[in-house]
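**Q** Kindly generate the corresponding structure for this input.
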Amino acid sequence: MKEIKAFVRPNKVNEIVQQLKDNGFENMTISLAEGTGKFQDEKAFVSDKFAVTDSPVAKIEIVVYDSFVEKVVCIISKYGKTLNPGDGLIYVSNVDSVHRIKTGLETM
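**A** Numbers count the residues shown, from 1 in each chain. Have a look, this model is predicted:
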């Protein structure tokens, strides 16, 4: 199993999530965050909340079987792309185990 963590532009989230769902990837976590950058994007501004951040980002987290990693990365890349600086990053990492909180049992 792999965890895919993508930091994308907030205005691209709906399209990315819809495409992931249309391709059978229905379970994911989405959260808003702020990132630091090099102010390369002409729309970047210093955050009102954190003096060191300059851009709002959305984080999409999804865990998939190894065989689905390429497909999910392709969907996020295709629908998250604007060709401007600051389109985001995608991290892929190993998941050693998954446990249900309710039962404590390992699943998957």
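**Q** This protein: strands as residue ranges?
**A** For the chain, the strands defined by DSSP state E cover 2-8, 29-35, 55-64, 88-94, 98-99, 106-107.
**Q** With mean neighbour count and mean pLDDT as added columns, please give these in a markdown table.
**A** No exception for glycine: its C-beta is placed from N, CA and C like everyone else's. As requested, those are exported to a markdown table (neighbours: other C-beta atoms under 10 Å; pLDDT from 0 to 100):
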| stretch | mean neighbour count | mean pLDDT |
| --- | --- | --- |
| strand 2-8 | 20 | 97 |
| strand 29-35 | 13 | 89 |
| strand 55-64 | 19 | 93 |
| strand 88-94 | 13 | 96 |
| strand 98-99 | 12 | 94 |
| strand 106-107 | 8 | 88 |
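**Q** Rebuild those as TSV, extending it with distance to Glu15.
**A** Below are the strands of the chain laid out as TSV (distance: least, C-beta to C-beta, whole Å):
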stretch	distance to Glu15
strand 2-8	10
strand 29-35	13
strand 55-64	12
strand 88-94	13
strand 98-99	28
strand 106-107	30
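**Q** Who does the closest residue to Val63 other than its chain neighbours form a beta bridge with?
**A** Residue nearest to Val63 in three dimensions, not counting chain neighbours: Glu3, with 5.1 Å by C-beta to C-beta, 6 or more residues apart in numbering. Bridge pairing for Glu3 (DSSP bridges) gives the partners Val63, Ser93.
**Q** Roughly how far does Glu3 sit from Ile76?
**A** Glu3 sits 13 Å away from Ile76, going by C-beta to C-beta, to the nearest Å.
**Q** now do Asn14
**A** The spacing between Asn14 and Ile76, counted by C-beta to C-beta, is 13 Å.
**Q** who's more crowded, those two?
**A** Comparing Asn14 with Ile76 by other C-beta atoms under 10 Å, the one with more neighbours is Ile76, at 22 against 12.
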